[in-house]
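Colleague: show me the folded form of this:
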Amino acid sequence: MKLAMTLLARDEADIVDAQVAFHLHAGVDVVVATDNRSEDGTREVFERYERDGVLHLLSEGGDDYRQSEWVTRMARFAADELGADWVLNADADEFWWPRASNLKEILAAIPARFGVVRGAWRNFVPRPETQPFFADRMIVRHCRPTYLDDPMATVFKAVHRATPDVRVGRGNHEAFAEGLVPLRGWYPIEIFHFPVRSREQCRRKYVTQYLALARNPDKGTPGQIVEAYDAAVAGRFDAFYDPLVLDDVALERGLATGQFVLDTRLRDLLGTLAVGNAPESRFRLPAERGSSHAFERPQVGDDALFAGETSVIPESEAALWLEERARALERGIGALEHSVGARLRRRLARVSR
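Modeller: Numbers count the residues shown, from 1 in each chain. Got it, this is the predicted structure:
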């Protein structure tokens, strides 16, 4: 089995080195990465992995956040050019942690009639910036299941069988093609999610996304991005960011009520992969191509907690399905209007002659 990962990134240098190294140790054989106008060293990290022969680097100069189109291009490249069997479509702030010994063990167990398997987000909250490396301080995980419109929502993402006609949906939540039947109700992969890691990263991320989405208004802009952009423009970004950071008092209260839990798994694993004394140093590659770290299987207690967190996913799935159907209807209406308009213009042109 050959497992490819797609990765679209813009200015993610604080996390992308660890992200690529982690997945190479989790069972990914090759990465197809697209750098979108990075200026912070992200591209240089990709180029280093490209020289190591484990990453294919593409460039995208667009500034209108056509994520679905760009990720679809990478997923098709993985199928057509790299001969992948499965494709995992990840974001730079995600770490796909297998609830088995590695990712390939999970995918090998999927019955042939299913072509899509889902992983579920487990969101980590920002903490005071007492340490430079995100994984050293962000060891607090949000445990309460929340719905789609919440920044800490519990949602699913898709890994799919490689096919040259795949279309990856918005946000990498789904993959569509003939024969890609999703295996519903089972989430064998935990997706550790670190969307907000520092004040500067948060400001840059939301401002950049707001401006890009403004150039592509059909996509819509999530409320938290609008709120962050407005705060940055008004010079009051601290008022937006500070409430997101979990201080020690709120942490103690949240641990007592079960809202939060301490989860050091990623920190500990990255510590074993780092080259040198600092975890943010370059991470080592697997000893052999295709070899992977042996992940521990979850205990019954964690299975129950995970089931509770993912209990809202069917509602999120229904909302995403309705959104996809609405967008398909809009595309159909747009094509019809264009066709009718074109015919009308041709008739008017003939009458005026």
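Colleague: only C-alpha atoms for contact and neighbour calcs from this point on.
Modeller: Noted.
Colleague: just want the most central residue of the protein.
Modeller: Asp91 (3.0 Å; Cα atoms, centre = their mean).
Colleague: report the contact partners of that residue.
Modeller: Counting by Cα atoms under 8 Å, 6 or more residues apart in numbering, Asp91 makes contact with 7-9.
Colleague: sort out for me which of the residues you listed are in strands.
Modeller: Among those, the ones falling in strands (DSSP state E) are 7-9.
Colleague: so which of these is the most crowded?
Modeller: Leu7 (24 neighbours; other Cα atoms under 10 Å).
Colleague: Thr42 is in contact with that residue, correct?
Modeller: No. The pair Leu7 / Thr42 is not scored as a contact, 11.7 Å apart, by Cα atoms under 8 Å.
Colleague: nearest to Glu200, of the contacts of Asp91?
Modeller: Glu200 lies nearest to Ala9 out of the contacts of Asp91, by Cα to Cα, at 16.5 Å.
Colleague: hey, what's the closest one bridged with?
Modeller: For Ala9, the beta-bridge partners are Asp35 (DSSP bridges).
Colleague: that one contacts Glu39, correct?
Modeller: No. Under the criterion of Cα under 8 Å, Ala9 makes no contact with Glu39, lying 11.1 Å away.
Colleague: quick revisit: what are the phi and psi angles of the residue nearest to the centre of the chain?
Modeller: phi -100, psi 160 (degrees, to the nearest 10).
Colleague: now swap in Val71 and tell me
Modeller: Per-residue torsions, Val71: phi -70, psi -40 (degrees, to the nearest 10).
Colleague: sorry, back to before: redo the contacts of Asp91 as JSON lines? Include distance to Asp165.
Modeller: Formatted as JSON lines, the contacts of Asp91 follow (distance: Cα to Cα, whole Å):
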{"residue": "Leu7", "distance to Asp165": "19"}
{"residue": "Leu8", "distance to Asp165": "19"}
{"residue": "Ala9", "distance to Asp165": "23"}
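Colleague: looking at these, spot the one nearest Arg118.
Modeller: Comparing these against Arg118 with Cα to Cα places Leu7 closest, at 17.0 Å.
Colleague: for the residue nearest to the closest one when sequence neighbours are not counted, helix, strand, or coil?
Modeller: Leaving out its chain neighbours, the residue that sits closest to Leu7 by Cα to Cα, 6 or more residues apart in numbering is Ala33, at 4.6 Å. With DSSP: H, G, I helix; E, B strand; the rest coil as the basis, Ala33 sits in strand.
Colleague: same question for Val87.
Modeller: Classification of Val87 by three-state DSSP places it in strand.
Colleague: residue contacts, the residue nearest to it when sequence neighbours are not counted?
Modeller: The shortest distance from Val87 to any non-neighbouring residue, by Cα to Cα, 6+ apart, is to Ala4 (4.9 Å). Ala4 makes contact with 28-32, 78, 84-88, according to Cα under 8 Å, 6+ apart.
Colleague: one more time with 10 Å, if that's ok
Modeller: For Ala4, the contact set (Cα atoms under 10 Å, 6 or more residues apart in numbering) comprises 23-24, 27-32, 54-55, 74-75, 77-79, 82-89, 159, 162.
Colleague: could you give me the average pLDDT of the host helix or strand of it?
Modeller: For Ala4, the element it lies in under DSSP states H and E is strand 3-9. Mean pLDDT, computed over strand 3-9, is 98.
Colleague: next helix or strand past that strand?
Modeller: Counting by DSSP H and E, the next helix or strand C-terminal to strand 3-9 is helix 16-26.
Colleague: re earlier: quick one: which of the contacts of Asp91 is nearest Arg113?
Modeller: Leu7 (26.6 Å).
Colleague: from Leu57, how far off is the closest one?
Modeller: Distance of Leu7 to Leu57, computed by Cα to Cα, to the nearest Å: 10 Å.
Colleague: for Ile106, same thing?
Modeller: 27 Å.
Colleague: one more: Val166?
Modeller: Val166 sits 20 Å away from Leu57, going by Cα to Cα.
Colleague: go on, His193?
Modeller: 23 Å.
Colleague: compare those two (neighbour count), which wins?
Modeller: Legend: neighbour count by other Cα under 10 Å for His193 and Leu57, higher for His193 (20 against 17).
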